[in-house]
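In: Show me how the following folds:
(chains A and B)
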Amino acid sequence: MGVFVYLPLVLPLTALPIARLAEQHLHPRRAARLLTTVAVILASCSLVCLGLLVVVGTAQLPGNPLPDGWSDAEVREAVPHDAFAGKASILALVVVTAACGFTVHRHYRFRARAHRALAGLPGGDLAVLPDDVPYAYALPGSPGRVMVSTALLASLEPAEHRALFAHERAHLAGRHHRLLLATRLAGCVNPLLWPLLGALVYSTERWADEEAARVTGDRRLTARAVGKAALVSRPVPGGAAFAAFAAAGPVPRRVAALLGPVPPDRGWPPALTPAGVAALVAAAGTTVSALSALNAAVALFLVLEAATPL
Amino acid sequence: MDAEGAGGERESPVRRRGQGELEAQVLSVLGGASEPVTAAWVLERLGAGLSYSTVITILTRLHAKQAVTRTGRGRPVLWEPVANEAGLAALRMRRLLDKQSDRDAVLSSFVSVLSSHDEDLLRTLLAESGPDGTDAPSDRPER
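Out: Residues are numbered from 1 along each chain as shown, chains lettered A, B, ... in the order given. A predicted model of the protein is given here:
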């Protein structure tokens, strides 16, 4: 398998084109699911290969629990046995484990604290908080809650409230937090996957926008709600000086998308468009990554089984 | 005057309870009301060895702190909470939300901060979006 064991560590690069193009060419629901699936598979393959490198590269280091037979000549022939790569993999594996643990811990700690803060409030799944800062969030949990500040409600009209609530409830109903957490963890496993998180955040917002437009039956109303909500929070002074030269930020793109037609909900972008090519590249990269990891894992398993003294 | 023995099983006597705790209890009772209520109504819900005058004292103190408002001309005076449990919940939530990294790890935000370029773009989009001009802070393109 040789170099194949390293392939899954770099193949996440093949997912970057689709992360760029998905938002324009795919229905946001499909984009979100595709990005999450790709991220999770690629991250899993990276993790398997890290593990394999650790096993082979470190089996003969003094004091490790693995049988020395695991780095015998036959094993070394079948897999790269670079001691440096092995030690680096140990370090990487420790960092990855710590980062994932921290991410999960922070996620659930925040959720628990937020639910405690809202515990005394009546009102079912909707918590209206008297606050002069405009905000609205979907807080996942069982049951999840929508929390919205009075300042934001005051700046929107009643019909727009419906769009806002429908948007937040769509986050809860679609369990977007799970997709986001999974992709965040994938980014912790292999930092090359981080760009997928940004694309997924945007896709889930668009998905919730489309749901809100469907529930309210009025795309313009939903667009106005999104736009007005963004406008009531003033820009941070000096905070975004360079953004003026950049492309349009996420909120104008969301509003423009809502003012346009309903995005087509087709299964796969046409093969000859940039998005189609990007999707194919990502699919190919993911497949090769999975096969490489599988190949490496099976080869190593067979060789180790033969090499393990019993 | 001392109610220590009488209500001992249900609640501790007045003088054993801190003023802050009493104020919180009164606020919580007021928060449960669907409309402005009288001090007698509050006393009934609180029960447990409090006197009418104590309730009035606490309500007056809360009024001085602008935590409750009094309405009703003449009698009966009606009381209504300004900051109730929702206000406390909002304070707790704000403390949580202010930690941006934690917040971003869990919540996706409906409202996000715009660059000035985005702001102009958004105003233009909204202005084009419909003739039924809304009276939001920001419908018209800036001149």
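In: just the helices in the stretch 51-200 of chain A please.
Out: Taking DSSP state H, counting those that start in this stretch, the helices of the stretch 51-200 of chain A run over residues A:73-78, A:83-118, A:150-155, A:158-173, A:176-189, A:194-216.
In: Just list what the fifth one packs against, helices and strands only.
Out: When you say that, I think you mean helix A:176-189. Counting contacts by 3 or more CB pairs under 8 Å, 6 or more residues apart in numbering or on different chains; DSSP states H and E, helix A:176-189 packs against helix A:28-58, helix A:83-118, helix A:194-216. In short, each C-beta sits where N, CA and C put it, glycine included.
In: Pull it out as CSV, backbone CA atoms only.
Out: In CSV, the C-alpha atoms belonging to helix A:176-189 read as follows (Å, rounded to 0.1, in the frame of the first residue of the first chain):
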residue,chain,number,x,y,z
HIS,A,176,-28.5,21.6,11.8
HIS,A,177,-26.5,21.6,14.9
ARG,A,178,-25.6,17.9,14.3
LEU,A,179,-24.4,18.6,10.8
LEU,A,180,-22.4,21.6,12.1
LEU,A,181,-20.9,19.7,15.0
ALA,A,182,-19.9,16.7,12.8
THR,A,183,-18.2,19.0,10.3
ARG,A,184,-16.5,21.0,13.1
LEU,A,185,-15.1,17.7,14.4
ALA,A,186,-14.0,16.8,10.9
GLY,A,187,-12.1,20.1,10.7
CYS,A,188,-10.4,19.2,14.0
VAL,A,189,-9.3,15.8,12.6
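In: List the buried residues of that helix.
Out: A:176-177, A:179-189 (16 or more other CB atoms under 10 Å in any protein chain shown).
In: so where do the helices sit in chain B?
Out: B:19-31, B:39-46, B:52-64, B:85-97, B:100-106, B:116-129 (DSSP state H).
In: that older thread, let me have the buried residues of helix A:176-189 in JSON lines, adding pLDDT and distance to B:V26 as columns.
Out: Output for the buried residues of helix A:176-189, formatted as JSON lines (pLDDT from 0 to 100; distance: CB to CB, whole Å):
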{"residue": "A:H176", "pLDDT": "93", "distance to B:V26": "41"}
{"residue": "A:H177", "pLDDT": "93", "distance to B:V26": "38"}
{"residue": "A:L179", "pLDDT": "95", "distance to B:V26": "45"}
{"residue": "A:L180", "pLDDT": "94", "distance to B:V26": "42"}
{"residue": "A:L181", "pLDDT": "95", "distance to B:V26": "42"}
{"residue": "A:A182", "pLDDT": "96", "distance to B:V26": "47"}
{"residue": "A:T183", "pLDDT": "95", "distance to B:V26": "48"}
{"residue": "A:R184", "pLDDT": "94", "distance to B:V26": "45"}
{"residue": "A:L185", "pLDDT": "96", "distance to B:V26": "47"}
{"residue": "A:A186", "pLDDT": "95", "distance to B:V26": "51"}
{"residue": "A:G187", "pLDDT": "94", "distance to B:V26": "50"}
{"residue": "A:C188", "pLDDT": "94", "distance to B:V26": "49"}
{"residue": "A:V189", "pLDDT": "94", "distance to B:V26": "53"}
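In: will you turn those residues into TSV that also has distance to A:R111?
Out: Listed next are those as TSV, based on distance: CB to CB, whole Å:
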residue	distance to A:R111
A:H176	14
A:H177	9
A:L179	16
A:L180	13
A:L181	10
A:A182	16
A:T183	17
A:R184	14
A:L185	16
A:A186	20
A:G187	20
A:C188	18
A:V189	22
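In: quick revisit: can you tell which of the helices and strands packed on helix A:176-189 is closest to chain B?
Out: Across those, chain B has its closest neighbour in helix A:83-118 (3.7 Å, CB to the nearest CB).
In: Okay, and A:G227 sits in which element?
Out: helix A:219-232 (DSSP states H and E).
In: Okay, angle between that helix and helix A:158-173 too, please.
Out: If you take axes from the mean of the first three to the mean of the last three CA atoms, to 10 degrees, helix A:219-232 sits at 90 degrees to helix A:158-173.
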